[in-house]
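> Give me a model of this one.
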Amino acid sequence: MRKKTQMIHGGIPRDEHTGAVSIPIHHASTFKQDGVGNFVYEYARTGNPTRFALEELIKDLEGGVRGFAFGSGMAAISSVMNLFSSGDHIVLTDDVYGGSYRLMTKVLAKYQIEVTFVDTSDLNEIKEAIKDNTKAIYIETPTNPLLKITDLSRISSLAKEHQLLMIVDNTFSTPYFQNPIEQGADIVLHSATKYLGGHSDVVAGLVVVNSETLANDLHFIQNSIGAVLGPQDSWLLIRGIKTLAIRMEEIEENARKVANFLTEHEAVTTIYYPGFEEHKGHEVHAKQARGFGGMISFDVGSEEKALDVLKKVHYFTLAESLGAVESLISLPAKMTHASIPKERRLELGITDGLVRISVGLEDVEDLIEDLQAALQ
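Here you go, the predicted structure:
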């Protein structure tokens with residue numbers, strides 16, 4: 001089954017009992033048992049038919065063994081991090097989402113789980129960071145917000161050499177453009193709030209694992225913590241994923257045209273977009289993914305100029321998040337990455353003048369004209 005077809009026919013495409021082509025929303029907290037211990041579903045925290053349909057769908061899309069649906073992207077990441085124990089060490093992408101950075105440095109630190117942030121696009125930096133107590137390599141590719149690219153197959157070989165788990169946040173690329181498990185990843189994460197939902201109407205996280213052992217361990221954690229996605233939001237995600245392929249194709253086409261406009265504008269000092277051949281990770285991304293996505297970051301030189309752009313745009317909505325049908329714009333240093341200390345942000349290149357846009361499905365000429373007016 002090809003990817004575009006899989007978005008619609010993957011997982012459990014229809015209700016087995018009625019033939020309904022839209023999976024029912026099962027608003028049930030508990031389920032009748034035919035004798036003690038004889039049941040299909042026991043309790044909604046442990047399992048729900050609507051959530052299971054979503055989990056089967058994302059499992060198929062990512063090519064894993066089992067999928068899990070959580071109440072948010074951070075709930076998904078937090079649950080995965082509960083696979084580790086006090087004294088364990090994890091190597092992470094340095095240019096990582098601010099919420100992930102906050103979790104690793106403020107929450108996991110309480111449990112003596114050690115983290116080291118490195119540029120995972122540089123294999124030598126990862127090698128140097130690995131210790132005797134290292135248990136995993138955690139990657140974002142492309143990264144948020146500088147869109148750095150990590151070579152998944154090379155990291156997989158390194159992880160296997162050292163018997164480490166390989167965890168990949170695949171939010172920016174989506175399973176339509178990139179499938180890390182095919183490149184050797186053990187765990188794939190998504191903030192499903194973004195492209196998978198696609199309509200700014202659901203908050204969710206998804207995880208896919210590549211082994212029954214990881215599946216059993218993660219299910220135990222999810223059931224114990226209770227970080228599950230409700231049936232209504234599960235249904236919204238199933239519906240959103242059905243149009244993911246066609247949305248991503250149109251978004252990428254719009255993004256390419258917007259990026260070409262920005263690279264020629266005198267007010268833009270630097271642009272980050274992996275679709276450009278001169279982008280440092282372009283060749284690697286082209287090898288391991290089928291598309292370049294809809295995220296662009298560009299620097300206008302100062303916070304004052306960036307705030308002026310944010311104030312003047314009309315079709316780009318100033319908001320957190322990304323991956324929606326509407327184009328969004330943000331200032332990472334003050335919004336998504338504000339929890340990262342300024343000195344650290346500047347080390348990474350997340351300047352106060354860096355603007356991040358998520359290109360949507362509007363007419364691309366309107367988007368370009370909007371940015372043109374804001375950049376004057």
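> Please count neighbours and contacts with C-alpha atoms only from this point.
Will do.
> What separates the first and last residues of stretch 9-26, distance-wise?
One end of stretch 9-26 sits 20 Å from the other (Cα to Cα, to the nearest Å).
> That stretch: which residues count as buried?
For stretch 9-26, a neighbour-count test (16 or more other Cα atoms under 10 Å) marks 9-14, 23-25 as buried.
> who touches that stretch?
48-50, 53-61, 231-232, 235 (Cα atoms under 8 Å, 6 or more residues apart in numbering).
> Using TSV, lay out the buried residues of stretch 9-26 together with distance to Thr243, pLDDT and secondary structure.
TSV is the format used below for the buried residues of stretch 9-26 (distance: Cα to Cα, whole Å; pLDDT from 0 to 100; DSSP: H, G, I helix; E, B strand; the rest coil):
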residue	distance to Thr243	pLDDT	secondary structure
His9	12	95	helix
Gly10	13	96	coil
Gly11	15	95	coil
Ile12	16	94	coil
Pro13	14	91	coil
Arg14	16	91	coil
Ile23	16	95	coil
Pro24	18	95	coil
Ile25	19	96	coil
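> with these in mind, which one is nearest to Lys280?
The closest of the buried residues of stretch 9-26 to Lys280 turns out to be Gly10 (Cα to Cα; 34.7 Å).
> got a list of contacts for stretch 274-283?
For stretch 274-283, contacts defined as Cα under 8 Å, 6+ apart pick out 121, 147-150, 256, 272-273, 285, 292.
> Same question for stretch 351-364.
145, 247, 250-251, 254-255, 257-258, 294-306, 316, 322-334, 345.
> Go again with 7 Å.
By Cα atoms under 7 Å, 6 or more residues apart in numbering, the surrounding residues in contact with stretch 351-364 are 145, 250-251, 254-255, 294-303, 305-306, 322-333, 345.
> about what we covered before: out of the contacts of stretch 274-283, which are buried?
Here, 16+ other Cα under 10 Å leaves 121, 147-150, 256, 272-273, 285, 292 buried among the contacts of stretch 274-283.
> Just the strands from the stretch 101-250 of the chain, written as ranges.
114-118, 134-140, 165-169, 187-191, 205-209 (DSSP state E, counting those that start in this stretch).
> so which of those comes closest to Phe84?
strand 134-140 (7.8 Å).
> Alpha carbons of the closest one, in PDB - could you do that?
C-alpha atoms of strand 134-140 as PDB (Å, rounded to 0.1, in the frame of the first residue of the first chain):
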ATOM      1  CA  THR A 134      24.300   6.200  28.200                       C
ATOM      2  CA  LYS A 135      21.100   4.500  27.300                       C
ATOM      3  CA  ALA A 136      19.700   6.400  24.400                       C
ATOM      4  CA  ILE A 137      20.200   9.000  21.600                       C
ATOM      5  CA  TYR A 138      17.300  11.300  21.200                       C
ATOM      6  CA  ILE A 139      17.000  13.200  17.900                       C
ATOM      7  CA  GLU A 140      14.900  15.900  16.300                       C
END
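> Which strands and helices lie in contact with it?
strand 89-93, strand 165-169 (3 or more Cα pairs under 7 Å, 6 or more residues apart in numbering; DSSP states H and E).
> Can you list the strands that the last one pairs with?
Paired strands of strand 165-169, with direction, are strand 134-140 (parallel), strand 187-191 (parallel) (DSSP bridges).
> so of those, which one's packed in deepest?
Of all the strands paired with strand 165-169, strand 187-191 carries the top mean neighbour count, a mean of 27, counting by mean count of other Cα atoms under 10 Å.
> Touching that strand from outside, list them.
So strand 187-191 is contacted by 72-73, 166-171, 180, 204-210 (Cα under 7 Å, 6+ apart).
> Determine which two of these are furthest apart.
Met166 and Ala204 (21.9 Å).
> Let me have the contacts of stretch 274-283 in JSON lines, extended by pLDDT and distance to Leu83.
Listed next are those as JSON lines, based on pLDDT from 0 to 100; distance: Cα to Cα, whole Å:
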{"residue": "Ser121", "pLDDT": "95", "distance to Leu83": "25"}
{"residue": "Leu147", "pLDDT": "97", "distance to Leu83": "27"}
{"residue": "Lys148", "pLDDT": "96", "distance to Leu83": "27"}
{"residue": "Ile149", "pLDDT": "98", "distance to Leu83": "26"}
{"residue": "Thr150", "pLDDT": "98", "distance to Leu83": "23"}
{"residue": "Arg256", "pLDDT": "98", "distance to Leu83": "39"}
{"residue": "Tyr272", "pLDDT": "97", "distance to Leu83": "34"}
{"residue": "Tyr273", "pLDDT": "98", "distance to Leu83": "34"}
{"residue": "His285", "pLDDT": "98", "distance to Leu83": "29"}
{"residue": "Phe292", "pLDDT": "98", "distance to Leu83": "31"}
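> Among those, name the ones in helices.
256, 285 (DSSP state H).
> ok so, going back, make JSON lines out of the strands paired with strand 165-169 and add distance to Val40.
Shown next, in JSON lines, are the strands paired with strand 165-169 (distance: least, Cα to Cα, whole Å):
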{"stretch": "strand 134-140", "distance to Val40": "34"}
{"stretch": "strand 187-191", "distance to Val40": "26"}
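> Any chance of a markdown table for those, columns distance to Leu214 and mean pLDDT?
Formatted as a markdown table, these follow (distance: least, Cα to Cα, whole Å; pLDDT from 0 to 100):
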| stretch | distance to Leu214 | mean pLDDT |
| --- | --- | --- |
| strand 134-140 | 13 | 98 |
| strand 187-191 | 8 | 98 |
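> Gly63 is in contact with His208, correct?
Heads up, residue 208 is Val, not His. No. Look at Val208 against Gly63 with Cα atoms under 7 Å: they stay out of range, at 8.3 Å.
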